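Colleague: need a structure here:
(one chain, ligands or ions: 1)
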Amino acid sequence: MSSILKPQIALQALIESVHLQGQPILGEIALQLKMSEWTAIVGPNGAGKSTLLRAIAGLLPMKGRVQLLGHDWTQIPARERARQLAWLGQNESSSDVLSAYEVVMLGRLPHQAWLAPPSSADHAAVVQAMQQTQSWDWRDRPLGRLSGGERQRVLLARALAVQAQVLLMDEPLAHLDPPHQADWLALVRELVASGVAVVSVLHELNMALQADSLVVMEAGRVSSHGAPQRADTRAALQAVFDHRLHLVEVQGQWLALPAALLPSSQEAKPNNNVLPLKRASE
Ligand SMILES: Nc1ncnc2c1ncn2[C@@H]1O[C@H](COP(=O)(O)OP(=O)(O)OP(=O)(O)O)[C@@H](O)[C@H]1O
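Modeller: Predicted structure coming up:
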């Protein structure tokens with residue numbers, strides 16, 4: 001297909017409300033998330049980040065509508081949706097007795113005919129995804145015998161093996177140590193460069209501040225949606241965290257520091273974004 005015909009918008013959501021157990025959780029939300037972009041959803045505990053992600057993934061009943069790649073969500077056959085949108089949930093469960101390889105192969109189900117054995121393309125996708133997440137070494141081990149971080153990398157590989165155009169991840173960095181968080185970041189950049197839309201709920205604000213776009217949430221609503229380079233996006237981020245974090249620019253990159261960790265003379269203020277930083281050796 002010519003690139004001119006490729007949809008530019010990955011997901012468009014016009015949510016009127018989402019209720020869970022009869023309680024209103026999300027209010028009105030209008031969002032447009034682009035292809036070839038990484039969007040990070042951030043905000044305090046209970047703000048509704050996971051609920052929003054689940055709603056746009058079609059995993060929750062809601063009032064409103066979602067379009068995936070330009071088509072109304074409800075009009076896309078389930079199998080086609082599963083090929084176009086991959087999902088990595090929070091505390092995702094999978095059968096602990098399956099080997100890591102078999103778990104990643106589950107990501108290929110939307111590509112396989114009913115009861116047909118995996119094709120060579122399926123095996124190739126699994127190998128590639130396990131190599132991308134450095135989980136290949138424990139391919140024969142049961143999922144239940146892996147550490148939290150190892151398990152998370154296998155589940156990430158399962159989502160990658162789908163080879164979907166849109167990848168949604170809820171707290172994908174849970175259990176990952178700092179080097180593997182950095183690997184995740186490099187992987188996301190690769191995916192985005194190849195045209196994929198990545199949407200992730202993140203608590204790690206320093207990672208989120210590297211995203212192309214931030215969706216800042218508070219109390220079931222989106223308070224801001226824009227690039228982290230924009231002053232209004234950063235102001236919204238500080239506001240939803242009650243100005244208890246300080247945003248510092250280091251070599252063109254924004255970093256978030258808990259205000260409580262700063263010396264009292266440098267307490268966070270809404271518009272005070274510059275700190276004299278010292279190198280660790282000083
Ligand atoms: N199944 C449910 N039934 C009722 N309320 C729920 C349910 N799941 C979540 N909630 C409530 O919905 C609100 C939003 O929850 P959600 O998990 O979306 O927040 P979050 O921003 O992802 O939070 P966190 O950062 O703590 O993971 C919370 O107040 C939560 O208690």
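
Colleague: quick one: buried residues of the helix or strand containing Ala235?
Modeller: Using DSSP states H and E, Ala235 maps to helix 231-240. By neighbour count with 16 or more other C-beta atoms under 10 Å, helix 231-240 contains the buried residues 233-238, 240. For glycine as for every other residue, the C-beta is placed from the backbone atoms N, C-alpha and C.

Colleague: any low-confidence regions in this protein?
Modeller: Within the chain, the stretches with pLDDT under 70 are 1-6, 94, 264-282.

Colleague: repeat the analysis, applying 50 as the threshold.
Modeller: 1-3, 265, 267-282 (pLDDT under 50).

Colleague: contact partners for the residue most central in space within the chain?
Modeller: Against the mean C-alpha coordinate of the chain, by C-alpha atoms, centre = their mean, the closest residue is Ser200 at 1.4 Å. Counting by C-beta atoms under 8 Å, 6 or more residues apart in numbering, Ser200 makes contact with 38-41, 168-172, 188, 211.

Colleague: between the residues you listed, which is nearest Leu205?
Modeller: Among the contacts of Ser200, Ala40 lies closest to Leu205 (C-beta to C-beta), at 8.8 Å.

Colleague: and the residue nearest to the centre of the chain, which of the three is it?
Modeller: strand (DSSP: H, G, I helix; E, B strand; the rest coil).

Colleague: gap between it and the ligand?
Modeller: 12 Å (C-beta to the nearest ligand atom, to the nearest Å).

Colleague: got the end-to-end distance for stretch 219-232?
Modeller: For stretch 219-232, the first-to-last residue distance is 19 Å (C-alpha to C-alpha, to the nearest Å).

Colleague: please see if that stretch touches the ligand.
Modeller: No: Stretch 219-232 lies apart from the ligand when judged by C-beta under 6 Å from any ligand atom; the minimum separation is 6.9 Å.

Colleague: list the strands paired with the helix or strand following the helix holding Ala235, with their directions.
Modeller: Note on helix 231-240: by DSSP H and E, the next helix or strand toward the C-terminus is strand 245-250. Strands adjacent to strand 245-250 in the sheet, as given by DSSP bridges, are strand 253-258 (antiparallel).
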